[in-house]
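In: A structural model of the following input is requested.
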Amino acid sequence: MNRTGSFEYNKSRISKGFSRAVKSYDDSAFAQQHIAHEMIRLINECVEADKISTILEIGSGTGFFSNLLLKNFNPDKLILNDISNVYADCYENFPKEKIILNFEDAEKADFQQDMDMITSCSTFQWFEFPEKFFKKTLNWLTDSGILAFSTFGVDNLKEIRMITNMSLRYIPLIELKEILKPDFEILSALEKEIIFNFESPLDVLYHLKSTGVTNISNNKWTKKDLESFCKKYVEQFTEDGSVTLTYNPIWIVAKKRI
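Out: Predicted coordinates for the structure are as follows:
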């Protein structure tokens, strides 16, 4: 499970990238919104909604997935965790009697016990040690509690990786299932490839920046770097007059083993 390139999991830089995108995220995160709806569909297929009264969401961001959780499960308590408190205003219209806000790095946090479900959309790829976090959820889930999450596979944003040789650490679905198997029963596991088209490589970069995904290397690009990137992108990934960007989402719904 080696990383491509030399990405350093600088949580401060990650948090700043998403904080800067708070106003643009919902208009640009069409992939993440599709993924959130699919996550809800899979949870509903595997879990009886009336058995979910306490939910912890990791990486709640602007609250798009949070709102779907409220509408579909009507929990007594929804704990919203995010590494950045810049999103606090996004939850103003949520029912205050149900919501608990928690702004800290989830990998370092210690949450309450007796959660019926711990869930997350498009967040765990930013974790430095997701395997350790999955183990920690056992302390917080009820017996037969649900862990439901989406993340991304190895072909996510492959166009960017192939040009820059930089990527987050993406864990393949087969490996995720092996990691979870000792402690969880896998109820559903799904992987897709979704390809979006953009007018130019600059539009691709703007889209990524608008969703909080900034340059993951520690090096700032020069004008020459940008021109080289755009040239290679057009040469390698032009399709019917536009350029492509690939998302490779993975969804898993699992039940804690008793």
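In: Which stretches in the stretch 1-150 of the chain count as strands?
Out: Ranges of strands in the stretch 1-150 of the chain, per DSSP state E, counting those that start in this stretch, are 54-58, 77-82, 99-103, 115-121, 141-152.
In: chain center to the longest one: distance?
Out: Averaging C-alpha coordinates over strand 141-152 and over its chain gives two centres that are 14 Å apart (Cα atoms, centre = their mean, to the nearest Å).
In: where does this protein have low pLDDT?
Out: Where the chain drops to pLDDT under 70, the residues are 1-10, 12-26, 28, 214-219.
In: just the helices in it please.
Out: Using DSSP state H, the helices of the chain run over 11-20, 25-28, 30-46, 64-73, 130-140, 158-164, 173-180, 201-210, 223-237.
In: and the ones you listed as a markdown table, adding distance to Asp114 and mean neighbour count?
Out: The way it works is simple: take the backbone N, C-alpha and C, and place the C-beta from them, glycine included. As requested, these are exported to a markdown table (distance: least, Cβ to Cβ, whole Å; neighbours: other Cβ atoms under 10 Å):
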| stretch | distance to Asp114 | mean neighbour count |
| --- | --- | --- |
| helix 11-20 | 28 | 16 |
| helix 25-28 | 31 | 16 |
| helix 30-46 | 19 | 17 |
| helix 64-73 | 16 | 19 |
| helix 130-140 | 8 | 16 |
| helix 158-164 | 40 | 19 |
| helix 173-180 | 21 | 16 |
| helix 201-210 | 38 | 18 |
| helix 223-237 | 48 | 14 |
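In: on that earlier part again, can you lay out the strands of the stretch 1-150 of the chain as TSV showing mean neighbour count and distance to Asp225?
Out: Below are those laid out as TSV (neighbours: other Cβ atoms under 10 Å; distance: least, Cβ to Cβ, whole Å):
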stretch	mean neighbour count	distance to Asp225
strand 54-58	24	34
strand 77-82	23	31
strand 99-103	16	34
strand 115-121	25	32
strand 141-152	21	25
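In: and of the ones you listed, who's closest to Gly212?
Out: strand 77-82 (11.3 Å; Cβ to Cβ).
In: on that earlier part again, using a markdown table, lay out the strands of the stretch 1-150 of the chain together with distance to Ile35.
Out: Below are the strands of the stretch 1-150 of the chain laid out as a markdown table (distance: least, Cβ to Cβ, whole Å):
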| stretch | distance to Ile35 |
| --- | --- |
| strand 54-58 | 14 |
| strand 77-82 | 17 |
| strand 99-103 | 22 |
| strand 115-121 | 6 |
| strand 141-152 | 5 |
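In: So which of the ones you listed is nearest Glu193?
Out: Nearest of these (Cβ to Cβ): strand 141-152, 10.5 Å.
In: So for Lys209, which of the strands of the stretch 1-150 of the chain sits nearest?
Out: Of these, the one closest to Lys209 (Cβ to Cβ) turns out to be strand 141-152, at 17.7 Å.
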